[in-house]
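Peer 1: Fold the following for me, if possible:
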Amino acid sequence: MRSLVALLAVACALAGCERTIKDMYVQPRLGPDAASPLFPDGKGSRPPPPGSVAVASGELAMTSSGRRGRDAPAARDAALAASAPPATDLALLRRGQSRYDIFCAPCHSPLGDGDGRVVRRGFPRPPSFHQPRLRAAPDRHVFDVIGQGYGAMPAYGDRLLPADRWAVVAYVRALQLSQDAPVAALPPELRAGLRALPAPPRPAASRASAPAAAPGASDAEAS
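Peer 2: All right, here's what the predicted structure looks like:
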């Protein structure tokens, strides 16, 4: 009997120790955006100290930590502030080409005609950049579509900074010019090279345009 009582006492003591240990590693905590009376603003989630740098970054870290989308208003305001495109030079076009190849070419194709790789696999076909409507569209329209999305196209405002969006706009204009450049606007050496090219072969005359055979010719040939 005494041994049974002793075993029960030891079991109760061990259960108490386990509960104490559990309380140590499962402590009360505040969830994201939970209220707390400990701070003047009543929020348990505290902003990082000024000048601090987030340890984790990128799309996965932003999503798992709940930070994705919080910077969207600031990014939109920065985009609106950058309302004037920078001067176009070779460095800007190269930057725009690299960003275009990563984010745009899978749908819009390297040529900008909308025949990208994912389109060939069933994704909705985007409009060609070479149609008159998009040739006449202002640069700001293309800039806003890149940042905010349009139709089936997602918004890339959280992946492309305003400077990169302007670089993509400049490269899109270069693509459009490459497919519809007036000969008079070409440098003299290129115009001379075009004049030196051989003339394209003329299409063969159709049977309908061939002269009609003289009456009785077929009979004479048959005989």
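
Peer 1: From the rest of the structure, what touches stretch 96-114?
Peer 2: For stretch 96-114, the surrounding residues in contact (Cβ atoms under 8 Å, 6 or more residues apart in numbering) are 115-119, 123, 125-130, 153, 156, 159-160, 164, 166-172, 174-176, 179. No exception for glycine: its C-beta is placed from N, CA and C like everyone else's.

Peer 1: if you set the cut-off to 7 Å instead, what comes out?
Peer 2: 115-119, 123, 125-130, 156, 159-160, 164, 167-168, 170-172, 175 (Cβ atoms under 7 Å, 6 or more residues apart in numbering).

Peer 1: Would you mind measuring the gap between the ends of that stretch?
Peer 2: Stretch 96-114 has an end-to-end distance of 18 Å (Cα to Cα, to the nearest Å).

Peer 1: Any buried residues in that stretch, and which?
Peer 2: Residues 96-97, 99-100, 103-105, 107-109, 112-114 are the ones in stretch 96-114 that count as buried (16 or more other Cβ atoms under 10 Å).

Peer 1: Please tell me the pLDDT value assigned to A205.
Peer 2: A205 is assigned a predicted lDDT (pLDDT) of 59.

Peer 1: ok so, going back, buried members of the contacts of stretch 96-114 into PyMOL, please.
Peer 2: In PyMOL, this line selects whichever of the contacts of stretch 96-114 come out buried by 16+ other Cβ under 10 Å:
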select buried, resi 116+119+125+126+128+129+130+156+159+160+164+167+168+170+171+172+175
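
Peer 1: ok, back up a step: could I get the buried residues of stretch 96-114 as a markdown table with secondary structure, distance to S3 and pLDDT?
Peer 2: Output for the buried residues of stretch 96-114, formatted as a markdown table (DSSP: H, G, I helix; E, B strand; the rest coil; distance: Cβ to Cβ, whole Å; pLDDT from 0 to 100):
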| residue | secondary structure | distance to S3 | pLDDT |
| --- | --- | --- | --- |
| G96 | helix | 84 | 96 |
| Q97 | helix | 84 | 96 |
| R99 | helix | 78 | 96 |
| Y100 | helix | 81 | 97 |
| F103 | helix | 75 | 95 |
| C104 | coil | 79 | 95 |
| A105 | helix | 80 | 95 |
| C107 | helix | 78 | 95 |
| H108 | helix | 82 | 95 |
| S109 | coil | 84 | 95 |
| G112 | coil | 87 | 94 |
| D113 | coil | 89 | 94 |
| G114 | coil | 85 | 94 |
